[in-house]
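> Please find the sequence and the predicted model below.
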Amino acid sequence: MSAVLAVVAPWAGRRMPPRAGAWAMVCAATVAAGTWVTELAILAFTAIGQVPLVAAQGAWSVRVLAAEDPVSRNVAAVCAAVVLLVVVSLTVASWRRGRALVDAWRECRHITAGGDLAVVDDPVPTAFAVLGMPGRVVVSSGMLRLLDGPERQALLAHERAHLKYRHHLFSLVLHLTAVVNPLLRPLDRAGAFAVERWADEEAGAVVGDRRLVARAIARAALASSRAKQAALSATGGPVPQRVQALLAPPLRSPNGVMAAFAVLMAACCVSLAVTAHDTERLFEAAMHAHTTATQLRTR
């Protein structure tokens, strides 16, 4: 299912309204990553449950569990190693991304701001949103000089949309699910594009002119330097595709694409439910054998 999502998501994301696409991809990535690592843990536990000390705590028969277990020891050991690797990778990635967000907020919190807008005296054209309490839109004097009045309004509306809808959290979830399951990396990239498109469309609604937003983004991207890591910028993602999308009519949500995402997520959940049910029956049989043997010994 993760492999199918990796193929389908980039194609589907460009055919859905960006807000719906971002939500669909975050939900699908979360379900796929969660079921993936849970399935691995269940498979690994079939071997861990055969350790006498563990079996004694669970009150099941090691002999029956070993005889009935359809998972070989080698496969279970590989699953356990992968789960351990996932836990370590997820911890490291969470720490790095969280540290980057905190560092960006600390660096920007001392900048004098008027409301949520902070202007830095820098000739390099830059604009980005920093999540925090409160969040900040940081823009350089070089960027303000580059754009005219309406274009500035469009650019700031884009960055404020990132703060309003907590797009940093969408990006964080997509990044961590790709760490958990590397097959989901295309979904991470497609979701990041959908988040930028979502902010583009929100900016278009605020200024009432999607072509103005396209022009502002294009001019900013041509002159902008790379924004800070962990900060969402109007010049992020594939700008030519974003401009092209803004110049085209707004997309309508195709029911077929939404249904495809729903079917894939349901398939992941059903797969996990079947695995959990089979594993529960396996351990119930081992526990029943242990209980029966214990009763016979007491007699």
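Sure, I can see it.
> which stretches of this protein form helices?
Counting by DSSP state H, the chain has helices at residues 2-13, 18-48, 52-58, 62-68, 73-109, 141-146, 149-164, 167-180, 185-207, 210-223, 239-247, 255-298.
> and residue 126, which of those is closest to it?
helix 141-146 (5.9 Å; CB to CB). C-beta: built from backbone N, CA, C; applies to glycine.
> Can you give me the buried ones in that closest one?
For helix 141-146, the neighbour count (16 or more other CB atoms under 10 Å) marks 142-144, 146 as buried.
> Which strands or helices does that helix pack on?
On a contact count with 3 or more CB pairs under 8 Å, 6 or more residues apart in numbering; DSSP states H and E, helix 141-146 meets strand 117-120, helix 210-223.
> Residue 73: how many residues sit nearby?
Burial of residue 73 is recorded as 12 neighbouring residues (other CB atoms under 10 Å).
> What of the one 3 residues further on?
The burial count assigned to residue 76 is 21, neighbours taken as other CB under 10 Å.
> again, but for residue 135
Per other CB under 10 Å, the neighbour tally for residue 135 reads 18.
> residues in contact with it?
116, 129, 163 (CB atoms under 8 Å, 6 or more residues apart in numbering).
> Need phi/psi at it.
Backbone torsions for residue 135, taken as degrees, to the nearest 10, come to phi -70, psi 160.
> For residue 175, see how far away it is.
19 Å (CB to CB, to the nearest Å).
> In the chain, what helix or strand scores lowest on average pLDDT?
For the chain, the helix or strand with the lowest mean confidence is strand 113-114, at a mean of 62 (criterion: mean pLDDT, DSSP states H and E).
> For residue 7, which non-adjacent residue is spatially closest?
Closest residue in space to residue 7, ignoring its immediate chain neighbours: residue 186 at 7.5 Å, by CB to CB, 6 or more residues apart in numbering.
> Spatially, what comes nearest to residue 54 if we skip its sequence neighbours?
Nearest residue to residue 54, sequence neighbours excluded (CB to CB, 6+ apart): residue 48, at 5.9 Å.
> how many neighbours does that neighbour have?
Residues near residue 48, counting by other CB under 10 Å: 13.
> so it touches residue 57, yeah?
No - the criterion here is CB atoms under 8 Å, and residue 48 misses it with residue 57 at 11.2 Å.
> Against residue 81, how distant is the residue nearest to residue 54?
Taken as CB to CB, the span from residue 48 to residue 81 is 12 Å.
> just residue 242 next, same as before
For residue 242, the distance to residue 81 - CB to CB - is 41 Å.
> So if I had to pick from the two, which one is more boxed in?
Each of residue 242 and residue 81 has its neighbours counted (other CB under 10 Å); residue 242 has more, 24 against 12.
> Okay, the more buried one and residue 41: tell me how far apart.
Residue 242 is 39 Å from residue 41, by CB to CB.
> nearest residue to residue 131 other than its sequence neighbours?
Using CB to CB, 6+ apart and skipping the chain neighbours, the partner closest in space to residue 131 is residue 168 (4.2 Å).
> Then residue 25?
Distance criterion CB to CB, 6+ apart; nearest residue to residue 25, sequence neighbours excluded, is residue 191 at 4.1 Å.
> and the one you found, what is it in contact with?
Going by CB under 8 Å, 6+ apart, residue 191 touches 9, 13, 21-22, 25-26, 29, 170-171, 174.
> just residue 286 next, same as before
Residue 286 neighbours (CB under 8 Å, 6+ apart): 49, 55, 60-62, 64-65, 68.
> Buried ones among these?
Neighbour-count burial within those applies to 49, 55, 60-62, 64-65; the criterion is 16+ other CB under 10 Å.
> mean confidence score for stretch 87-107?
Average pLDDT, stretch 87-107: 88.
> gap between it and the chain center?
Its chain's average C-alpha position is 14 Å from that of stretch 87-107, according to CA atoms, centre = their mean, to the nearest Å.
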